[in-house]
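Participant: next one to model:
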Amino acid sequence: MSTIEKAMGKLAKQAQANQAPIDVPAAEQAAVPGTEAATTPSKRVDKQVLQIDSAVLKRLGMLSDIRSRETRMLSDEYRGIKRKLLKNAFEPGLIPQNKSNLIMVTSANPGEGKTFTSINLALSLALEKDKTVLLIDSDVLKPTVSKTLGIGQHMGLMEYLLGQTNDVADVIYHTNIPNLRIMPAGMPHHLSNELLASEKMRSLTQELNSRYSDRVVLFDSPPVLGVNETVVLSNFIGQAVVVVEQDSTKMAAIKSAVSQFSEELAIGYVLNKAVHGKTGTYGYGYGYGYGYEEERSA
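Facilitator: Okay, here's the model as predicted:
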């Protein structure tokens with residue numbers, strides 16, 4: 001064989017090597033909607049990092065900049081809330097450790113501000129230096145996390161529950177906010193509520209707890225009243241934050257909602273849209289106030 005033939009053979013082998021698939025670690029893999037990767041777990045492409053615009057957060061009155069005077073009061077309120085959640089989640093003996101870091105954010109009725117609360121809690125928890133937070137949009141009939149944050153529609157919870165991917169890391173997205181991860185709701189499905197209460201969902205919560213034991217997992221969940229699946233989902237969770245709209249939510253509705261939860265569930269309350277002071281606001285123009293109270297069943 002001539003020197004030229006040897007060289008050409010070597011180049012051909014290099015070309016084949018360059019076309020060989022690269023095995024990317026599962027934690028960094030993802031499927032992109034509309035591609036073959038969305039339905040074939042063995043073939044994946046890199047996920048995009050979801051970009052959350054601080055200007056959008058500011059416009060919505062959320063925790064856009066903790067250094068800002070406008071959001072300082074809000075930041076302080078959520079800091080108080082998250083301290084109780086973190087204590088329950090990571091101090092031994094308070095809640096069963098197999099689900100203590102799994103937290104449901106819900107309300108008795110729609111429109112009380114649970115998604116606003118979920119996002120702000122996630123943003124506040126993301127400030128912790130030694131923890132990450134995963135925000136899951138599990139309000140699968142009316143998903144609003146992605147819409148509120150303006151991050152577009154992506155493969156998410158529904159695709160995982162439907163078995164379109166077998167690796168939960170495929171539907172967990174990094175964001176441009178350090179320590180904040182998001183699992184979107186995914187595409188609508190006629191069995192969305194049934195999937196939320198399925199054994200696959202129970203298995204997902206167990207995997208999230210064991211695989212990411214140092215991570216806080218927040219579920220932005222459907223309202224309790226009128227959605228039986230929310231009560232089923234609560235059985236997979238260690239803590240519940242119930243959002244209550246001041247001067248709107250009836251005490252009977254709150255009692256009816258929480259009475260359906262398991263006695264093992266640690267329940268807290270966030271008072272939303274509370275008006276303070278003569279101006280009727282907290283000083284940052286949106287009139288939102290927050291309190292947190294733990295309640296344990298005997």
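Participant: residue ranges with poor pLDDT in this structure?
Facilitator: The chain contains residues with pLDDT under 70 at 1-46, 66-70, 273-298.
Participant: and the longest helix along it, what's buried?
Facilitator: The longest helix of the chain (DSSP state H) is helix 69-90. Buried residues in helix 69-90, counted by 16 or more other CB atoms under 10 Å: 71, 73-75, 77-78, 81-82, 84-85, 88-90. No exception for glycine: its C-beta is placed from N, CA and C like everyone else's.
Participant: could you do stretch 147-158 as well?
Facilitator: Using 16+ other CB under 10 Å as the test for burial, stretch 147-158 gives 148-149, 151, 154-158.
Participant: need the contact partners of it.
Facilitator: Stretch 147-158 is touched from outside by 30-33, 38, 50-53, 56-57, 60, 115-116, 119, 136-138, 140, 146, 164-165, 170-171, 173, 175, 182-189, 192, 195, with contacts defined as CB atoms under 8 Å, 6 or more residues apart in numbering.
Participant: and the longest helix of the chain, how far from the chain's centre?
Facilitator: Centre-to-centre, helix 69-90 and its host chain are 17 Å apart (CA atoms, centre = their mean, to the nearest Å).
Participant: tell me what the helix or strand just after it is packed against?
Facilitator: Sequence-wise, the next helix or strand downstream of helix 69-90 (DSSP states H and E) is strand 102-107. Strand 102-107 is packed against helix 114-125, helix 199-211, strand 215-220, helix 228-234, strand 239-245, with contacts defined by 3 or more CB pairs under 8 Å, 6 or more residues apart in numbering; DSSP states H and E.
Participant: circling back to that earlier point, among the contacts of stretch 147-158, name the ones in strands.
Facilitator: 30, 136-137, 173, 182-183 (DSSP state E).
Participant: closest one of the residues you listed to residue 260?
Facilitator: When the ones in strands among the contacts of stretch 147-158 are ranked by distance to residue 260 (CB to CB), residue 136 comes first, at 20.9 Å.
Participant: can you tell me, leaving aside adjacent residues, what's nearest to the closest one?
Facilitator: residue 183 (4.4 Å; CB to CB, 6 or more residues apart in numbering).
Participant: ok, now residue 216?
Facilitator: Closest residue to residue 216 in three dimensions, ignoring its sequence neighbours and counting by CB to CB, 6+ apart: residue 133, at 4.6 Å.
Participant: assumed that neighbour was part of a strand.
Facilitator: Yes: using DSSP: H, G, I helix; E, B strand; the rest coil, the assignment for residue 133 is a strand.
Participant: that one - how many residues pack around it?
Facilitator: For residue 133, the count of nearby residues is 24 (other CB atoms under 10 Å).
Participant: now, among the ones in strands among the contacts of stretch 147-158, which is nearest to residue 217?
Facilitator: Once CB to CB is applied, the member of those that ends up nearest residue 217 is residue 136, at 6.6 Å.
Participant: count of residues packed around that closest one?
Facilitator: A count of neighbours around residue 136, defined by other CB under 10 Å, yields 27.
Participant: now do the one 3 residues further on
Facilitator: Taking other CB under 10 Å as the neighbour definition, residue 139 ends up with a count of 26.
Participant: can you check residue 103 too?
Facilitator: Residue 103 - counted by other CB under 10 Å - has 26 other residues nearby.
Participant: quick one: it and residue 217 touch, right?
Facilitator: Yes: the criterion here is CB atoms under 8 Å, and residue 103 meets it with residue 217 at 6.7 Å.
Participant: which one of the helices and strands packed on strand 102-107 lies closest to residue 262?
Facilitator: Closest to residue 262 of these, according to CB to CB: helix 228-234, at 6.5 Å.
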